[in-house]
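Peer 1: coordinates only, sequence not included:
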């Protein structure tokens, strides 16, 4: 039969399957020849599935339209396939469609199925003459081969020897164990001659193809899921050439689980029913099971225990769990007959909610009837019940007497300022009439009476926070205040008055008494242990350095330092430092004080010496919540000396020469300046005897009565410093009066004398 003539001839380059790696760009060239007798418009486009769309990133098929005259060839049309970088290795199908619906509708469309094979990154770049191989059927992550456990999964490896030499090829699956697969090479034809016992490679002539059969038969315990083993082809001529591909295999899930329940002990009287549960995972997934039972009766008359309760089963593995069943409650055990049958059914839950068998094993337990001797016990129990009823009636007529117990203080030793609180318990309190609380000790208190004739008094239970609680027949009172806070030793006595007996019969008045003792210790305060100055004498203007030690600083509220003289003259306002639970507020004090072994030690705290004299300094420690203070004085008085004085200058007419000569009739200007404290020194100008200012000047006339010596004298009023003086020795020169010259009458001029000639 002659082949049908097609007016369109299509040349595809490269022909056949194309190879690439993730991220590569593959190019396809198409040339169309119009061999028909008319001009035509020819469309080129592709048909592909969603898997191929993800490979190339195409949202729609690229299209090209060609206008060709009769007997005309088109230019080379180029299509590019950009392989996505995250594409998994595999073989991906697409179809090139050549169509001319307007001019050759009866001969088109023409389809050209083709494939792109995405290689592993580890594969060597394939050159023109390098061998290649492909897998049939081809697979990719979205088109895996489905494995049927009943028969092996076979694929064909098509090897193409594109070199110019004879080559031998071997196949391997490096990702799989040997029990996973079998490789069958085609016979070479020499097996029968005895030259070769086993075919271990595929031998191909140059430019020929051959096939290798690869069978997958995963072991029975292989888990269900997707597998992608690597296929590698080795070339003897090119041992460094890495030819790789992947086969995508899907092993379907098998949920088969065999469960059997075996009875070991199914009839019991006093012991537990025993059973054995056998589990066999015949599937190919890991099973995680939780074991339990559910009753098949209206009532659940048993308790059970699985050992273990949870089981994890790998494929093709077995497990055994022990089950014990205990019938209950004890009074449901039959007295006679064939026994009580307890029916139950196995209840299994899969932690992953995987399917389980529709029917689960059932079991039963027979609870045998009681032995005959238990009837005797029943009779004795009835007799005991009657005796108990009689005893109850007797106790109603003769109730237990009231009993006062556990009378004690909340704390047997407390600190002054805290209030004594008492606790007690009264059994059968309903017979109670009144309570009387008395105390003997340092502080006399009036007896406290609680009247119970109308129930619990408001002071104990009805008003505010109840101090007494009722528990069945007992009245428990806690933290009852007494008002006692003063230090000393106290003995508290509680008397309970009650009536014993039933009201219809005779009743007798009874009294129950208990005592307890409490010691109230004096409240501790912060105590000054040591207080001293670093030296006994200072000069006014210096800092007095004080040091002290105070025990129990956490109780401190304030530290006060004050000073005074013997004449009760105050040194000044007291200096106070505030303290809060041992924390010093004054930053200066923080640097100079430390706390160790419950003591506050402050060293060289500066106090300004601004007043001269002898003073005794005292420190007071004021405690929180206490009117008592601890104080201590320095062992000896501290003397504060006035500042030293000196004569800075003393001049006469600006001169400091000790021997001066003054002219009679002139004026002497005396100037002086003294450094010191005015209230502590006395400045005199001798021989005038007047007390003058520390700095001043005076003028005196110089005459024959002017003193021969003038002295500036400075004395310390308190005689703590020696006096100082500075003076001058003065010599007065008398004023010299000149002798008068006698008057001579002048000679009158001669009128006749000629004047001197002029030149």
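Peer 2: Happy to help now that I have it. The structure presented is a predicted model; accordingly, all values stated were derived computationally and were not measured.

Peer 1: okay, CA-based contacts and neighbour counts for the rest of this
Peer 2: OK.

Peer 1: let me see the ranges of the helices in the protein.
Peer 2: 50-56, 373-397, 587-592 (DSSP state H).

Peer 1: just send those back as TSV, with mean pLDDT too.
Peer 2: Shown next, in TSV, are the helices of the chain (pLDDT from 0 to 100):
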stretch	mean pLDDT
helix 50-56	82
helix 373-397	80
helix 587-592	81
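
Peer 1: just name the most buried of these.
Peer 2: Most buried of those, by mean neighbour count (mean count of other Cα atoms under 10 Å): helix 50-56, with a mean of 16.

Peer 1: and the contacts of it?
Peer 2: For helix 50-56, the surrounding residues in contact (Cα atoms under 8 Å, 6 or more residues apart in numbering) are 59, 81-84, 87, 92-94, 142.

Peer 1: ok, those residues vs residue 384, which is closest?
Peer 2: Nearest to residue 384 among those, counting by Cα to Cα, is residue 142 at 82.2 Å.

Peer 1: count the neighbours of that closest one for me.
Peer 2: Neighbours of residue 142 under the rule other Cα atoms under 10 Å: 12.

Peer 1: contact partners for it?
Peer 2: Listed by Cα under 8 Å, 6+ apart, the contact set of residue 142 reads residue 51.

Peer 1: related to what we said a few turns ago, I'd like the helices of the chain as a markdown table, with distance to residue 517 appended.
Peer 2: Listed next are the helices of the chain as a markdown table, based on distance: least, Cα to Cα, whole Å:
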| stretch | distance to residue 517 |
| --- | --- |
| helix 50-56 | 93 |
| helix 373-397 | 36 |
| helix 587-592 | 45 |
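
Peer 1: okay, buried residues for stretch 215-235 please.
Peer 2: For stretch 215-235, the neighbour count (16 or more other Cα atoms under 10 Å) marks 215-218, 221, 223-224, 228, 230-235 as buried.

Peer 1: same question, stretch 289-303
Peer 2: In terms of neighbour count (16+ other Cα under 10 Å), stretch 289-303 has its buried residues at 289-293, 295, 301-302.

Peer 1: per-residue pLDDT, residue 618?
Peer 2: According to the prediction, residue 618 has pLDDT 85.

Peer 1: pLDDT at the closest residue in space to it that isn't next to it in sequence, what is it?
Peer 2: In space, and not counting its chain neighbours, residue 618 is closest to residue 633: 4.2 Å by Cα to Cα, 6 or more residues apart in numbering. Listed pLDDT for residue 633 reads 81.

Peer 1: spit out the contact partners of residue 633.
Peer 2: Neighbour list for residue 633: 531-532, 616-619 [criterion: Cα under 8 Å, 6+ apart].

Peer 1: let's see it at 10 Å
Peer 2: The contact partners of residue 633, by Cα atoms under 10 Å, 6 or more residues apart in numbering, come to 528, 530-532, 561-563, 616-620.

Peer 1: so where's this structure uncertain?
Peer 2: Under the criterion pLDDT under 70, the flagged ranges of the chain are 1-3, 188-197, 374, 396-399, 462-465, 501-508, 736-759.

Peer 1: at the geometric centre of it, which residue sits there?
Peer 2: Geometric centre of the chain, nearest residue: residue 583, 29.8 Å, by Cα atoms, centre = their mean.

Peer 1: quickly list what that one is bridged to.
Peer 2: With DSSP bridges as the criterion, residue 583 is bridged to residue 580.

Peer 1: from the buried residues of stretch 289-303, which is closest to residue 339?
Peer 2: residue 301 (13.2 Å).

Peer 1: please name the nearest non-neighbouring residue to that closest one.
Peer 2: Take residue 301 and drop its neighbours on the chain: the residue closest to it by Cα to Cα, 6+ apart is residue 328, 5.2 Å away.

Peer 1: show me the strands in the stretch 51-200 of the chain, by range?
Peer 2: Ranges of strands within the stretch 51-200 of the chain are 64-68, 77-82, 90-99, 110-118, 132-136, 145-146, 153-160, 167-172, 181-184, based on DSSP state E, counting those that start in this stretch.

Peer 1: now distance to residue 637 and mean neighbour count too, for the ones you listed, in a markdown table please.
Peer 2: As requested, the strands of the stretch 51-200 of the chain are exported to a markdown table (distance: least, Cα to Cα, whole Å; neighbours: other Cα atoms under 10 Å):
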| stretch | distance to residue 637 | mean neighbour count |
| --- | --- | --- |
| strand 64-68 | 119 | 15 |
| strand 77-82 | 104 | 14 |
| strand 90-99 | 106 | 20 |
| strand 110-118 | 106 | 17 |
| strand 132-136 | 114 | 18 |
| strand 145-146 | 110 | 17 |
| strand 153-160 | 114 | 18 |
| strand 167-172 | 109 | 18 |
| strand 181-184 | 110 | 16 |
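
Peer 1: got the contact list for residue 28?
Peer 2: So residue 28 contacts 12-15, 18, 76-81 (Cα under 10 Å, 6+ apart).

Peer 1: mind redoing it with 6 Å?
Peer 2: 78-79 (Cα atoms under 6 Å, 6 or more residues apart in numbering).

Peer 1: repeat that for residue 101.
Peer 2: So residue 101 contacts nothing (Cα under 6 Å, 6+ apart).

Peer 1: quote the end-to-end distance of stretch 435-447.
Peer 2: Using Cα to Cα, to the nearest Å, the end-to-end distance of stretch 435-447 comes out at 10 Å.

Peer 1: and it, what's buried?
Peer 2: Neighbour counts over stretch 435-447 (16+ other Cα under 10 Å) mark 435, 437-439, 441 as buried.

Peer 1: farthest-apart pair in those, please.
Peer 2: Greatest spacing in those, by Cα to Cα: 435 and 441 (20.1 Å).

Peer 1: just to revisit the earlier point, among the strands of the stretch 51-200 of the chain, which is nearest residue 591?
Peer 2: Closest to residue 591 of these is strand 77-82 (Cα to Cα; 77.3 Å).

Peer 1: appreciated, that's everything.
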